[in-house]
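K.L.:
Show me the folded form of this:
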Amino acid sequence: MKVREAIAIASGIDAIYAASLSAVQEDADQVAALLEDALPFIEAAAGMTRDDFAGVYSAPVA
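P.N.:
The predicted structure follows:
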């Protein structure tokens, strides 16, 4: 393989990586937002027992 071919391939890989990184960052941001929204429920559930989960429960509004 010639050096120029290797550079061209590496440049293509960098372009693919950059495009993928953007999509992954967007997904990570969405997951973070979902976790932030779920945090009150997670914190409220932390002290609950199995019996507590039998009923309907609403998380406290912050």
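
K.L.:
Which of the residues in stretch 17-27 are classified as buried?
P.N.:
Buried positions in stretch 17-27, judged by neighbour count with 16 or more other CB atoms under 10 Å: none. Where C-beta positions appear, they are placed from N, C-alpha and C, glycine not excepted.

K.L.:
what's the model's confidence in it, averaged?
P.N.:
Across stretch 17-27, the average pLDDT comes to 81.

K.L.:
how about the CA coordinates for it, as CSV?
P.N.:
Presented in CSV, the C-alpha positions along stretch 17-27 are these (Å, rounded to 0.1, in the frame of the first residue of the first chain):
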residue,chain,number,x,y,z
TYR,A,17,-15.6,8.3,13.2
ALA,A,18,-16.6,12.0,13.3
ALA,A,19,-20.1,11.3,12.0
SER,A,20,-20.5,8.4,14.4
LEU,A,21,-19.3,10.4,17.3
SER,A,22,-22.0,13.1,16.7
ALA,A,23,-24.7,10.4,16.7
VAL,A,24,-23.4,8.8,19.8
GLN,A,25,-23.2,12.1,21.6
GLU,A,26,-26.8,12.9,20.6
ASP,A,27,-27.9,9.5,22.0
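
K.L.:
now the protein, which segments are flagged as low pLDDT?
P.N.:
1, 7-8, 10, 53-62 (pLDDT under 70).

K.L.:
quick one, helices of it?
P.N.:
Using DSSP state H, the helices of the chain run over residues 3-46.

K.L.:
so who does the most far-flung residue of it relative to its centre touch?
P.N.:
Residue farthest from the centre of the chain, counting by CA atoms, centre = their mean, is Lys2 at 40.0 Å. Listed by CB atoms under 8 Å, 6 or more residues apart in numbering, the contact set of Lys2 is empty.
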